[in-house]
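**Q** fold the following, please.
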Amino acid sequence: MILQALKQYIESNPGATLNQVARHFSMDDDATLAMLQPWVKRHRLQIVKLGSCSGNCGCSASEDQWQLFWQSEHSIGVTCSA
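**A** Below you'll find the model as predicted:
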C-alpha cells in the first residue's frame, strides 16, 4: 500500500526531492530511499543528485539533495544527448 502511495506521489510531483517525499509520508530520508530501491533497480525511478541544500527546505544544509522522477515504460532505456 505505501509503495503505491509513494509511486502516486512521485508521479504527481515530478522533481520532488527525497526530503519532500519523506516528510509527506512522515518517514526519514534513509527509510524512504530504501523503499524506493526496487524501482530504481528496475529503472522505473530516476534519482538525480542535486548537491547540498541551502537549508531553506527544512533539511540539514549539509545533506545532499536528491530529486525523484518516475519513468514511464516508454522512456525506460531512452537517453537524450545534447
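
**Q** for the residue nearest the centre of the chain, which residues make a bridge with it?
**A** Nearest to the mean C-alpha position of the chain, by C-alpha atoms, centre = their mean, lies residue 68 at 2.9 Å. Taking DSSP bridges as the rule, residue 68 bridges to residue 47.

**Q** who's in contact with it?
**A** 10, 15-18, 21, 36, 45-48 (C-beta atoms under 8 Å, 6 or more residues apart in numbering). Just so you know, the C-beta spots here come from the backbone N, C-alpha and C atoms, and that holds for glycine as well.

**Q** which parts of this structure are strands?
**A** Assigned by DSSP state E, the chain shows strands spanning 45-52, 64-70.

**Q** tell me which other helices or strands the first one touches.
**A** It stands for strand 45-52. Applying 3 or more C-beta pairs under 8 Å, 6 or more residues apart in numbering; DSSP states H and E, one finds that strand 45-52 contacts helix 29-41, strand 64-70.

**Q** which stretches of this protein have low pLDDT?
**A** 51-63, 74-82 (pLDDT under 70).

**Q** understood, closing this out.
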